[in-house]
Structure formats: C-alpha cells, structure tokens
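Undergrad: The sequence and its predicted three-dimensional model are supplied below.
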Amino acid sequence: MSIAVLSDYRAVTNTQAPNAPIITAVPTQTEARGFALYVGIDETTAAAAGVSLAQLVQALRETVANLVPAAQQETYAAVALAPKGIGGKNIDVVRTALHDPRSLNRLVEDNKNDSAAKGIVIDVTRHRVFTDGTNADFTFKEFELLNYLIQNEGETITRRELIDAVWADDTEETPNDRTIDVHVRRLRAKIAGYEDIIRTVRGGGYRFDRHPDVLVEA
C-alpha cells in the first residue's frame, strides 16, 4: 500500500459501473497514481480485537495483491510512531507522521492556539520570547541574559558573570552592575505576570529555577 502525500480526491459515480465509484482528481488535468490509507489504530486497540498492527498491515497488503496482482511490487506500508503519553487522536498522529500537508498545517495552527496556555516560550533558534502566545519583543541582550540564566538553572549567577557572558564581545558598551539590573527590570516588565521566573538573590545576583510556566524550544 503506497504511503505518499497525494492531492485531494473525491469519489464520483461511475456511469458504466453504478456500484463501483471511481476516483476523479482535483484539480483537473491530473490522474490518480495510487492512494494513501490512514488508519488510526494503536497496538492496544488492535490487541483488544485479537490482532496486531503487523497482521493488519499484512492483511491489507494481501488484499491489494489479490485484487490487483500487478500492484504487489508497488506497495509500501509505514507504521507511525509517537512518544508514549503524547496524547491526541491516533489518526492525527498518523497523518502528521506521514507528512499529510493538511494535518501539518492544522498542527501548526494548534500549536499557535495552545501557546497561549504555555506561559513563557523561549524560541532559542529565532531568539524570541513569547508571553501567552505574544512576542515579548526582547532585545538581543535581554534574550541572551534570560537564556544564560535558564542554561544555568538553579545556580545563582553574579552580575559580573552575566557581564562576562552576555557582554563579552561588546566593544561599544561598558556595562556595570547597574546595567544588569536595568536589563533585568526591563525584561521582567515585558513578561508581566511571570516576573518571578527570575529570582533576585540578595548579595549574590540572579537565579532561574525550574518553572512550569517556561517552555524552551531549541
């Protein structure tokens, strides 16, 4: 059974064989070259019915081969895997794993909608910070400062260490302890409601502890 990304198709009545629908491609000027059958069944559900996924796959392959022997050499089956406990509908996991474009688009939209419930999202790749789904518009230094604290989770980082780490290559600015305090105050203001993710350690500096409202996306 060929697993591939295909265009949308619709079944229409075959006037020559009323009981056998045919597949008409959309848009026009295309032709059907195969099909993808997405089956959302996990091993537990299959076992409850007295079969395994391997048996189901083999049975479907045999059905295709019996109906169209010539197709036997052009069939391919793939099992979609997902991390345990990820949740969601089986069929959505399958479609996403096999790169169904409509499913991927929906997944992106779902992630955007879900981001509002995630609190702080640190996008390391794009150097962005999102608060309840909204870009917090961090400056480069603000992002580097927060990111450095997160990378050293649980440790109290002195102002001097932050200067050496974040301003190491800066030849235009001469930072001091007050510079760090100003940047921390500004970035806290930009994540209003989650300011406590950066803790002030009296006489020590600043610290980031593991926090349920913070998601780091590398």
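TA: That came through, no problem. Residues are numbered from 1 along each chain as shown.
Undergrad: Ala80: neighbour count?
TA: 19 (other Cβ atoms under 10 Å). Where you see a C-beta, it was placed from the backbone N, CA and C, and this is true even at glycine.
Undergrad: Check the offset of the helix or strand where Arg178 lies from the chain's centre.
TA: Assigned by DSSP states H and E, Arg178 falls within helix 177-190. Taking the mean of its C-alpha atoms, helix 177-190 sits 31 Å from the chain's own mean (Cα atoms, centre = their mean, to the nearest Å).
Undergrad: Please save the CA atoms from it in PDB.
TA: Coordinates of each C-alpha in helix 177-190 appear next as PDB, following Å, rounded to 0.1, in the frame of the first residue of the first chain:
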ATOM      1  CA  ASP A 177      26.200  46.100  37.900                       C
ATOM      2  CA  ARG A 178      23.500  48.700  37.300                       C
ATOM      3  CA  THR A 179      23.400  47.700  33.600                       C
ATOM      4  CA  ILE A 180      22.400  44.200  34.600                       C
ATOM      5  CA  ASP A 181      19.700  45.400  37.000                       C
ATOM      6  CA  VAL A 182      18.200  47.700  34.300                       C
ATOM      7  CA  HIS A 183      18.100  44.900  31.700                       C
ATOM      8  CA  VAL A 184      16.500  42.500  34.300                       C
ATOM      9  CA  ARG A 185      13.900  45.100  35.200                       C
ATOM     10  CA  ARG A 186      13.000  45.700  31.500                       C
ATOM     11  CA  LEU A 187      12.700  42.100  30.600                       C
ATOM     12  CA  ARG A 188      10.600  41.400  33.700                       C
ATOM     13  CA  ALA A 189       8.300  44.200  32.600                       C
ATOM     14  CA  LYS A 190       7.900  42.500  29.200                       C
END
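Undergrad: Pull out the buried positions in it.
TA: By neighbour count on 16 or more other Cβ atoms under 10 Å, the buried set for helix 177-190 is 179-180, 183-184, 187-188, 190.
Undergrad: packing partners for it?
TA: With contacts taken as 3 or more Cβ pairs under 8 Å, 6 or more residues apart in numbering; DSSP states H and E, helix 177-190 sits against helix 140-151, helix 159-166.
Undergrad: Direction included, what does the next helix or strand after it pair up with?
TA: Downstream of helix 177-190, the first helix or strand assigned by DSSP H and E is strand 199-201. Taking DSSP bridges as the criterion, strand 199-201 forms sheet pairs with strand 205-207 (antiparallel).
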